[in-house]
Each structure stands twice: as structure tokens, then as C-alpha cells.
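Chemist: the sequence and its predicted three-dimensional model are supplied below.
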Amino acid sequence: MSQRHLLALFNNFDEAAATILELRATSINGFDIDDLVLKSPIEHPEVEAVLGDKPINVQWFTLIGACMGGLLAFFLIASAQANFFAQVKGGKPIVPLPPDFVLTYEMFILGGVFITVLGFLICAGLPAKRSPLYSSKVSEDQIGILVKGDESALTALKTIFTKHGALEIQEEAGR
Amino acid sequence: MEKDIREDIAWAQINKDVLKSLENPRRLYWIILFTAIAMVGVAVGCEVYQYQTGMGVANKNNSHVWGLYIATFIFWIGMSHSGTLLSAILHLMHADWRKPIYRFAEAMTTFSLMTAGLFVLVHLGRLWQVYYVMPYPNERWAWPNFQSPLVWDMFAIATYLSSSVIFLYVGMIPDLAICRDNIHSGWRKKLYTVMSLGWEGTDRQWRNFRITYLTVACFLIPLAVSVHSIVASDFAMSNMPGWHVTSFPPYFVAGALYSGCAAIITLFIILRYTFKFEEYMTLPIMRKLVRLTFAIAMVWTYLNMIEFASVWYGHDQTAKDQLIFKATGPYAPFFWAMIFFGSILPLMLAFKRFQTHLPILFVVSILLNVGMWLERWMIIAPSFAHGHYPWTWDHDQWPSFVQWGIVFGSFGWFTLLFMVFCKVFPSVSMYEVKEMVYHRSLSLKGKSAAKGGH
């Protein structure tokens, strides 16, 4: 059966949270709660909590980026210094650790920042194409719930949205 | 208790007010912009003249090999500190009052760093050989000296600039989406569409955004401290009297925060009037900012005293002579002006009546930065004029008009970049102000519910 999207707009977080809770509690044929997307003008961890546990993996990118940045910097600098061993060092080490630490530290941070942002883009799915239903009200003051379901499930979904005070329900045109 | 912001501002109104600033500023905006362009013109003229004629026109000589250019370079690096550092620190501390002002403070960081970078180029003179500072295998068989703080500087500033730009941009993505949704045609629409990356405020996007912003903020705090510590090492690791001071890194960091905070006050007042942001850049927020500036001014004063005391009671006679030279020699008026503007003038910020008096604060904040610029000049010039070698002692140097012109123009360059930014991008973070209003209304609801319960 073909699937269609519905976008319901709510006035506040309480209504949106109540709607999600009911959608989780009710079993609707042709609708999977994992297909629900919450859209909001501000971040709101409390409402996100009702969506259930969702993994965040950005920190792994951070760890890898920072370590790679630091290691790369140290080995590049150390190898440059080691390649230039003919330079008179006056008995001092060819690869001096204290000054190299400064540059390693800087590149540790640079790698961390760059790869964190790369991780953010990957994990958040950005750059993204416009989703099938979008309202600019979501970037203003309304909370949107975007769901995907079989045509048979749409009536039940709309009933729940209306029950919790949806201001507007947009429906994707049938194909 | 005073409210930082009204809790009853409609979210749609926040969008409307901030978006209006992108289109309809007061006439003062254009006056500032054209003045800045004229100032940049002066600097470009001086630089072209210096480039064509040679570095001699800057009136630098032996021993004054670093003139106003390096003093002003440090000033701009310092200025950059408060933006990102305060934004990041206050973000970690959940200080809601930062929300309406952090965006322009971060922009200030970025443009200060860009301005500072120009001074390295101007100072080097041979612009076409600036790539020599980059570590790359080359036909000269020479690597930069990785043990030199000047090379650390290059790495640190490049890292700080790129990280600050990223921090500014990432924090702006939700607002760029608002601009995309509300501006319906023209080049701006295309710009916002591309830059917002298709942001729609989904739970997945917010979840990852929150962690990313927090992580980058955590990275930026030690980075900012390290940048100015490294700039301080340019001096402290040398053997020059007046520079070889252990407390220089924290002293530089405190000075950087201080001048940055003072600059935020100046820009706060300008933006508040120019873009009609009275609802968002409120007087209670200004009061907090002023108190913070006062606290940092006192830290700077303390570190200054530490420096003087350690030189005075130390056993380095040359350094002691240098300190006496600063306080009594030809640079004495500037030295004492630095003390007055940096340590005495900020005492008035402790008085409640001045903490929200905008005309006075505007003048005081500019004078504080005059003091901080003098501080950087007083680090450099007197040490060159009274070093280890007696032949330097009769080498008092007054910078040429070319140097002054380029320094003057750098303020225009910074202002130009900053004002253009504020006209193209939202200088108040819309989504964070909404969060602030939301948190405030929740806390009021909680209080009234608690009262009702009793």
C-alpha cells in the first residue's frame, strides 16, 4: 500500500508531547512510531525524550578527529625535524617534546572541531533536501509532527492530531 | 529582580524584529558604514605607499623593529577573545543572559582575528613571501623553526580563526533557516538557502546540534586561552627586559578578555540603537556585562601589579631600570594613561548608577580600549627603547603617519566587516532568544504554581 505523509502543527510543546505519547500508546496499522519526526523552533530535550532513546554519535567523531589531529600534527612536525637532522642542534634533541606539544595541542583542537562538525553534518543528515511537507511556521512559533503511514492509517492519525488541538494538518498529495 | 528579557514577547515577534534589522536599520548604520569605508581608504593609501616606497616610511629602525603594527596586532588578537570565549563559557554555565548578545560577540571575534592577521602581513613588508611562514618542503631546504613561539602563533591563530568561524556558523544555522523561510526573493534568499543546509528543526537535527555546539564550545575555551598565552610567549620567551616575565600569559589572557568585554559594551550600545534592539539588548543584560567587565578589569589590575612587583623585587637590574624608564621616561604619559584608563577608570563601573547609563558606558568602554591599546604599545616600544644594550637608550621612536594611518584604518576595516555582517546575518540569535523567553515563562509558571499550592 502506498505511504503518505501528514504534518500536524501544534501551538505548544505540551500538546505535541501528548500527541506523541498517544501515538506511541496506540497501535495503528500501517504506522510505525519510528517514522515520526518532531520539528520545533527551539531545541527541547523534554519533548525529544518522549520520542524514546535515539543514539547520538557526534562524540565519536570528536574523539577520532581530536586524536587524529594531534597525532598527525606531532608526526608531521617530528618528521620534518628528523628530516632536517643536519641542522646544528647544539646537543639539544632533534625532536624536542615540549615545543612540539604546543603544536600538537593546537592541532588536537583543530582536528576535534573540524571532525565534530563533519560528524554533525553526517549525523544530522545535513545538507538535507526539503522534506515532503514543511511549514515555515515551524521555524517561527509552532511545533510540527511529521508522520508517514499507509493510507489506511491516515484517518486514525488525523483523529489523534485533532484530539490534541492541532492547528493545521497538511497532507501529502496522493500519487 | 530585574528581568533580562520580557517573557511575554511572542516568538513570531522575535523573528519579525530581528529580520527587520536585516533590511531597515537606522540612518546611523549608513553613517558608520561610510565612515568605516573612508577609514579603510586611509589605511589602503598608507599601505600602498609603504609597499611602493619600502618599509622605511613606517619609521621603524634599529632597535624599534616592531612598531605599532605588532602592538595593534596583539590588540586585535586580544579583542577577539571575549566573543568566543565568553560565548562558550557562558554557554557551558547555562547563563541565559548571553543569548541575545553572543552572536555579535562571536562575529566580533572573527573580524578581530581577520584584522589582526592583516597586521602580520603589513609588518612583514614583503607580502609576496608571506607563505614562508607555512611549514612545507621547499627549495630553500628550510623548515620554520617549530621551537619558535612565532610559528606557534601562526598555528594557534589559524586554528582559532577557523574554529571561531565554524562556531559562529554552526550556531547560526537554525537562524539562517528562519531567514530562508521569511525572505522570499533575491540573492539573500539563495544565500540563506545554501547556508541553512536544509535545516528544518527536526528532533534529529536539534539532538545532534546540541551536542556539536557544546563540544565545539568545550574546545574553544582552552583554545582561546592557549592563543593569547602563545602570543604572550612571543615576548616572555625572549630575553628582553620588560618582556621576560613569567606572569605574561595570564596577564595577556586577562587583558584580552578585558578589551573584548569593553568592545562588547561599545558594540552592544551601537547595535541596540542602530537596529532598534531595545527589547533584546536590555539594560539588565548590560548591567551583567558591565559587572563582568569590572571583575576582569580588577583581575588585569592585579596581574599588572604582580608584574611590577616581581620586577621590582627581582634581581634583574635591567628589567627594573626598564620599569622605571616606562614610568618616568619619554613614554611616561602613555604608561600612566594606560594605568588610568585600565585600572582607575573602570572603578566607576562598580557604581550601580553608571552600570546602565548608556552614554557614559559608551565613552568609558571606548576609553577602556584606548587603555588596552596603550598597554600593548607600552609592552613593545619601551622595551626597544631601553634594552640590554646602552646604544638603544637614545633610540626613542615615534611612529610615522604611515603607521598611524594603517592602525587608524584597521578600526575602519573591523567596523566595515562587522557592520556588513550585522546587515546580512541576524546579529541576535532568534532561536536562543525564544529559548530564553520560553525558560523564563516556564520558571514563572513554576513559581505561580508553587504559590498556588501554599
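Modeler: Nice, I can see it. The model shown is predicted, which means the values in this text are computed figures rather than measured ones.
Chemist: mind listing the helices for chain A?
Modeler: A:13-25, A:45-50, A:58-83, A:97-124, A:151-163 (DSSP state H).
Chemist: B:Ala297 is nearest to which of those?
Modeler: helix A:97-124 (28.5 Å; C-beta to C-beta). C-beta here means a position set from N, CA and C on the backbone, and glycine is covered the same way.
Chemist: any idea how far the strand or helix carrying B:Tyr438 is from the middle of the chain?
Modeler: Using DSSP states H and E, B:Tyr438 maps to helix B:430-453. Offset of helix B:430-453 from its chain centre (C-alpha atoms, centre = their mean, to the nearest Å): 33 Å.
Chemist: tilt between it and helix A:13-25?
Modeler: Helix B:430-453 and helix A:13-25 meet at an angle of 90 degrees, taking axes from the mean of the first three to the mean of the last three C-alpha atoms, to 10 degrees as the criterion.
Chemist: contacts for helix B:430-453, please.
Modeler: With contacts defined as C-beta atoms under 8 Å, 6 or more residues apart in numbering or on different chains, helix B:430-453 is touched by A:41-43, A:141, B:3-9, B:11, B:14-15, B:18, B:96-97, B:99-100, B:102, B:174-175, B:178, B:280.
Chemist: switch the cut-off to 7 Å
Modeler: With C-beta atoms under 7 Å, 6 or more residues apart in numbering or on different chains as the contact definition, helix B:430-453 has outside contacts at A:41-42, B:5, B:7, B:9, B:11, B:14-15, B:18, B:96, B:99-100, B:174-175, B:178, B:280.
Chemist: now do stretch B:366-383
Modeler: Outside stretch B:366-383, the residues touching it (C-beta under 7 Å, 6+ apart) are B:64, B:66, B:68, B:70-71, B:74-75, B:78, B:235, B:240-243, B:255, B:258-259, B:262-263, B:266, B:322, B:325-326, B:331, B:334-335, B:337-338, B:341-342, B:345-346, B:397.
Chemist: hmm, which helix or strand of chain A has the shakiest average pLDDT?
Modeler: helix A:45-50 (a mean of 76; mean pLDDT, DSSP states H and E).
Chemist: buried set for the helix or strand of chain B with the lowest mean pLDDT?
Modeler: The weakest-scoring helix or strand in chain B, judged by mean pLDDT, DSSP H and E, is helix B:430-453 (a mean of 81). Across helix B:430-453, burial judged by 16 or more other C-beta atoms under 10 Å in any protein chain shown covers B:Met430, B:Tyr431, B:Glu432, B:Val433, B:Lys434, B:Glu435, B:Met436, B:Val437, B:Tyr438, B:Arg440.
Chemist: tell me how far the closest residue to A:Leu38 other than its chain neighbours lies from B:Trp152.
Modeler: Spatial nearest neighbour of A:Leu38, excluding adjacent residues (C-beta to C-beta, 6 or more residues apart in numbering or on different chains): B:Asp203 at 4.2 Å. Distance, B:Asp203 to B:Trp152, by C-beta to C-beta, to the nearest Å: 42 Å.
Chemist: how about the helices in the stretch 1-150 of chain B?
Modeler: Using DSSP state H, counting those that start in this stretch, the helices of the stretch 1-150 of chain B run over B:11-21, B:27-53, B:68-92, B:102-124, B:149-182.
Chemist: give me the neighbour count for the closest residue in space to B:Ser21 that isn't next to it in sequence.
Modeler: Excluding its sequence neighbours, the residue lying closest to B:Ser21 (C-beta to C-beta, 6+ apart) is B:Phe275, at 3.8 Å. Neighbourhood size, B:Phe275 [other C-beta atoms under 10 Å in any protein chain shown]: 26.
Chemist: domains for chain A, by residue range?
Modeler: Chain A breaks down by automatic domain parsing into domains covering A:3-55+A:131-171, A:59-124.
Chemist: rank those by pLDDT, which is bottom?
Modeler: Here the domains of chain A differ in mean pLDDT, and the lowest is domain A:3-55+A:131-171 at a mean of 85.
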